[in-house]
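Generate a structure from the sequence data that follows.
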Amino acid sequence: MTDLSTEKIPVIIALGDFASGVVSWAFRLRDAMAANPRYRVILVNCHKTGNKIGRFDAQVTKLSEIAAILHEFGRGIVIPNFVWDIFEVCAPLMASQKPFKTIGYCRADSDEEYYAPLSWYAPVITRFAAVSPECASILKEKLPERAGHIYTMPTGVLVPNTLARSWQQRPVRLVYGGRIVQEQKRVLDLVPLVNDLRGRSVPFTLTVAGIGRQWDDLKAGINACGASEYVHFTGRLAPEKMPRLWAGHDIFVQTSAYEGTSNSMLEAMAQGTVPVVTDTQSGVHGILEHGHNGLLVEVGDMTAMADAIARLVASGNLETMGRAAHVSARPYSIERYAEKFTAMLDDAWQDEVCCIPSGFESRPKRVFEGINLHNDMSVVPDAKAGRHSPSRKLMITFPSHLRGGAEEYTLTIARGAVASGWEVLAAFTRRKDTETLRQDFKRLGAVYHALEACELGDKAKRASFRKRITRTLRFLIRHKPDVLLLELPGIQYGLGTMIAAALAGIPVISVYQLVRDDIRMPWRNRLAYPLLRLRNQHYVAVSDYSRDILAAKSGLRKNAITVIPNGADLSRFQMEEATRRQARRQVRQELGFEEDTLLLLTIGRLASQKGHDLLVPVIPHIVKVFPQARFLWVGDGPLQHKLTELLRQYDVEPFVRFLGHRDDIPALLAASDLFVHPTRFEGLPFSVVEAMAAGTPVVSTRASSIPELIHHGETGLLCDLEDIYALRETVLYALNHLDKIREMASHARDRAALYSAEAMTAKTLDLLVRTIGKPHEK
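Presented below is the predicted three-dimensional model:
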């Protein structure tokens, strides 16, 4: 161990001995701070592998050893990074007025990895450093009373004054550098990326630098697709070797689900390597300007990434964009960072002695993601004891990549569970279309985890099905929920997750939001369901219609399937008349419509299921009779471009307004004269329940379970499926008989009481509780 004696104030930074951006940052920072007159950086390796990456100043594997280092110094500023146990060692020292301060770093936009532990240890943290404006903003939302102590501190990298390098196109040299893990970095997306590049005949090589849990999986995937000759794995590289690695490549690729501010991306940009990365929201905007100094694609879309690389290579702009990337990295030089870092240290050191709140040390202990040192001291938690949690832990997961009514259902259940004292974990894919959903889960108090569902599909997926189950199994074992709520958009989904849960011994409630009569249930599911029921797995349908079809297709008895109808928060929609009139005026003013404009509202994803294309040919007939009619379409989806083209073909584009995702659905319903739902198939649609609750007249097709909600001629109007003439005549009848249809809407509003979110949530939570207490069926 290095001689630790120092007259300067020690800044003790805990790390692991593995290739990562944080480790590279720490070694650069120590060099940059070497001449600092007030502070000396001490790097402590808390990993059991030893000094394989670089020269650390000390190594520990036990909490008593880190405590001994702090005792030897007698003072200092401690930066635990992801070795969260160290805060437990600092707490009694700070409580006894010892001259120690701490800085908590938020290095990624992740509840589990950073926001949760930083919030837990906030009383022991003197200052917070967030590596992106987005991370800082969320941390301030979670800790508003500490907003003045939260600094935005993007990483610092080595930026050469000039670039002495070349760029080449044949082959273009791609590089990935970082941890080889799937949960955050999504490294297995490199396999389809390589496949897509080969399919486009792009001449390339790919260097993968780093180590991690998915090393073998990634190599196996590359070998399986016959691309091993194009891909080189370097293994672990020391930080001082990274600048040369970046400078020897043309394009830096990163497939992450989420980041803070990517150290690797900035390192590569500093060396003139063009970043082509996923749009992780945090730590990208403000640094990378799409098309100028790099390229952005949606998380998970490797076809788009391959297209971007192919276009960039064909354009001949590699050098231009690489030099722009180098210029953009200059504000993030390690020298500038060291100045800001010193200012933050000064603020922390000059702060008053931290006052640890009474009872802090006696709180239930928690174990977080990160490096866990061996517990040989009574003041720290025993990792074997597991995470502290409330009496019940619920994990909610689903395979969808989009946000729709079915996903809103999971939010409603999570909200009710949190209010009832459950610890809620939400696990689903992190993509652009699920970003608002992720944020909403976080706002209501759930902890989010990125998880790709393991499903059977095409041959490539079937080949890795067992690996996907193994990955999900490990995920479930690590987080140990008491019960899993699996929301499914179809009967063809869910088997992989069900099998993983059965192997983990975790009860499952599978909620089928959509059961289609025209979709065949895979034979694997049909064989597995009776066996999975023996492992305490239960099935929920959202309507009688769905239950009957699910029973017929699965071979399950009807009485083995619980029916819990979907429900809406009726209080949001059932406004007093004065409030309703005010909302109507405000929405119409916002959208630029007069009071006498007839607004016809449709809510749903812009997908084939929802039938927008069936409504388009109806619109010319409606506006011919009612020229003041306008159509509002709320929702996002893959068909927006095609629908826009279809509207142009029918010359009715000016009569339709695409509103995208909206949070003010109650106000939009209050402002509308008619709710039109031309859907092809449904589960039990939330949007129809909400329209009923709002008292907005409903015109819908007779799809699936909708007749259970709307009784034709009593609570609304129904027409036959995919019958454009019937849809046109029904809408025209409604507009010609507004008084009559409004009377139906009044009856529908009364009927909506049967479909409340409170009833749905109470029944679901009751089933979850009973499932936890139920042994495996014999």
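
Residue 310 is in contact with residue 169, correct?
No - under the criterion of CB atoms under 8 Å, residue 169 makes no contact with residue 310, lying 10.9 Å away. Quick note: C-beta positions are derived from backbone N, CA and C, even for glycine.

mind listing the helices for the stretch 351-500 of the chain?
For the stretch 351-500 of the chain, the helices defined by DSSP state H, counting those that start in this stretch cover 405-419, 435-443, 459-463, 465-479, 495-504.

actually the stretch 651-778 of the chain, sorry about that
665-671, 686-694, 706-709, 724-736, 738-751, 757-772.

Which helix or strand contains residue 313?
Per DSSP states H and E: residue 313 is located in helix 302-315.

per-domain residue ranges of this protein.
9-156+338-350, 172-330, 393-563, 570-758 (automatic domain parsing).

Include distance to residue 165 and mean pLDDT when you put the ones you listed into TSV, please.
Below are the domains of the chain laid out as TSV (distance: least, CB to CB, whole Å; pLDDT from 0 to 100):
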stretch	distance to residue 165	mean pLDDT
domain 9-156+338-350	19	90
domain 172-330	5	93
domain 393-563	33	86
domain 570-758	40	95
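
Quick one: closest of the ones you listed to residue 773.
Nearest to residue 773 among these is domain 393-563 (9.5 Å), distances taken as CB to CB.

Pull the distance from the helix holding residue 313 to the chain's centre.
Relative to its chain's centre, helix 302-315 lies at 25 Å (CA atoms, centre = their mean, to the nearest Å).

So for it, what gets flagged as buried?
Across helix 302-315, burial judged by 16 or more other CB atoms under 10 Å covers 302, 303, 304, 305, 306, 307, 308, 309, 310, 312, 313.

Tell me the first helix or strand C-terminal of it.
Sequence order places helix 318-329 as the next helix or strand after helix 302-315, per DSSP H and E.

Show me what counts as buried in the helix or strand following that next one.
Using DSSP H and E, the helix or strand that follows helix 318-329 towards the C-terminus is helix 334-350. The neighbour-count check on helix 334-350 (16+ other CB under 10 Å) flags 334, 337, 338, 341, 342, 344, 345, 348, 349 as buried.

likewise stretch 204-216?
Neighbour-count burial for stretch 204-216 flags 204, 206, 207, 208, 209, 210, 211, 212, 214, 215 (criterion: 16+ other CB under 10 Å).

Those in strands, which ones?
204, 206, 207, 208, 209 (DSSP state E).

Tabulate the residues you listed in a markdown table, adding columns for distance to residue 613.
Converted to a markdown table, these look like this (distance: CB to CB, whole Å):
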| residue | distance to residue 613 |
| --- | --- |
| 204 | 40 |
| 206 | 41 |
| 207 | 46 |
| 208 | 44 |
| 209 | 48 |
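
For residue 528, state which of those residues is nearest.
residue 208 (36.3 Å).

Please name the residues that touch the closest one.
Shown in contact with residue 208 (CB atoms under 8 Å, 6 or more residues apart in numbering): 175, 176, 180, 187, 190, 218, 231, 232, 233, 234.

So how do I select the buried members of these in ChimeraX?
Burial among the contacts of residue 208 is assessed by 16+ other CB under 10 Å; the matching ChimeraX selection reads:
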select :175,176,180,187,190,218,231,233
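
And the contacts of residue 208, which is closest to residue 518?
Nearest to residue 518, judged by CB to CB, of the contacts of residue 208 is residue 190 at 36.7 Å.

Assumed that closest one was part of a strand.
No - in this structure, residue 190 is helix, not part of a strand, as judged by DSSP: H, G, I helix; E, B strand; the rest coil.

Thought residue 176 was touching it, still the case?
Yes - at 6.5 Å, residue 190 counts as touching residue 176 under the criterion of CB under 8 Å.

so what sits against both of those two?
In contact with both residue 190 and residue 176: 206, 208, 253, 255, using CB under 8 Å, 6+ apart.

hmm, back to that, output the domains of the chain in TSV; the columns should cover distance to residue 768.
Formatted as TSV, the domains of the chain follow (distance: least, CB to CB, whole Å):
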stretch	distance to residue 768
domain 9-156+338-350	22
domain 172-330	25
domain 393-563	5
domain 570-758	16
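
Out of the ones you listed, flag the one nearest residue 770.
Using CB to CB, these put domain 393-563 closest to residue 770, at 9.1 Å.

what ranges do the helices span in the stretch 501-650 of the chain?
Counting by DSSP H, counting those that start in this stretch, the helices of the stretch 501-650 of the chain are 523-533, 544-554, 570-573, 577-591, 612-615, 619-625, 640-649.

actually the stretch 51-200 of the chain, sorry about that
63-73, 85-95, 116-120, 133-142, 190-199.

Can you tell me which of these is nearest to residue 766?
When the helices of the stretch 51-200 of the chain are compared by CB to CB, helix 116-120 sits nearest residue 766, at 28.0 Å.

and residue 623, how many neighbours does it have?
17 (other CB atoms under 10 Å).

Quick check: the gap between it and residue 552.
43 Å (CB to CB, to the nearest Å).

and what of residue 286?
According to CB to CB, residue 286 and residue 552 sit 54 Å apart.

likewise residue 669?
Per CB to CB, residue 669 is found 35 Å from residue 552.
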